[in-house]
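Chemist: sequence and predicted structure are below.
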Amino acid sequence: MKTTLLLCCALATSVYAGPPILARITPQALAKLQQSSPMTALQKPAPGQARVSRPDDQSIIKQSMILHDGKNWTLVPKGAVIFLPEAMRSRVNVKPVGTLLAWSEFLARNYAWITTNDVSFDQAAGTKPLPAERVAFWCMQEKVVVAVHQNGPISVRVSTEDQTLTER
């Protein structure tokens, strides 16, 4: 009985014990650790040099098409607009004014004049043509058609058969 009571008391004391006290690191010790780490040399660029170099003429705006609804705008890759009716030309590739929205939010707000078409990687690469019945359907409506893959806009390399899609 006494051993059982002693054993229970020993187990219970560990439950009520406080957290262990660790030695605090001083600012000098932290600086010494940071100087000795080989990763810190990678994080410090040479004076006057940028961390990442890129060509001056490279820009996400230059590689994208802008869709605009009058208040908001979004970016899609160049080549993602696969059908553009004449009535909607004023909404594509205009100066971005207003609020930049994510593609999904912009699409939800402007579903009246934008529609999407799921494409495969073969269709995006231009090795497989877009279905002719879909193209004929687009011609009957007045909506901008954006190519998407897994709900995200994707560039489509148009084959010579499909070249006139965006020109209609």
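Modeler: Received the coordinates, thanks. Keep in mind the model is a prediction, meaning the values are calculated, not measured. Numbering: from 1, shown residues only.
Chemist: would you state the strands of this structure in chain order?
Modeler: With DSSP state E as the criterion, the chain has strands at 64-68, 72-77, 81-83, 99-100, 114-118, 144-149, 152-153.
Chemist: buried deepest among those strands, which one?
Modeler: Among those, ranked by average contacts under mean count of other CB atoms under 10 Å, first place goes to strand 81-83 (a mean of 24). To be clear about C-beta, it is placed using only N, CA and C from the backbone, and glycine gets the same treatment.
Chemist: neighbouring strands for that one, and are they parallel or not?
Modeler: Partner strands and pairing direction for strand 81-83 (DSSP bridges) are strand 144-149 (antiparallel).
Chemist: what angle separates the strand it pairs with from strand 72-77?
Modeler: 50 degrees (axes from the mean of the first three to the mean of the last three CA atoms, to 10 degrees).
Chemist: between strand 114-118 and strand 144-149, find me the angle.
Modeler: Going by the same axes, to 10 degrees, strand 144-149 makes 30 degrees with strand 114-118.
Chemist: list the contacts of residue 144.
Modeler: 67, 81, 83-85, 88, 91-92, 113-115 (CB atoms under 8 Å, 6 or more residues apart in numbering).
Chemist: hmm, 7 Å instead?
Modeler: Shown in contact with residue 144 (CB atoms under 7 Å, 6 or more residues apart in numbering): 81, 84, 88, 91-92, 113-114.
Chemist: now it: how far from residue 89?
Modeler: According to CB to CB, to the nearest Å, residue 144 and residue 89 sit 9 Å apart.
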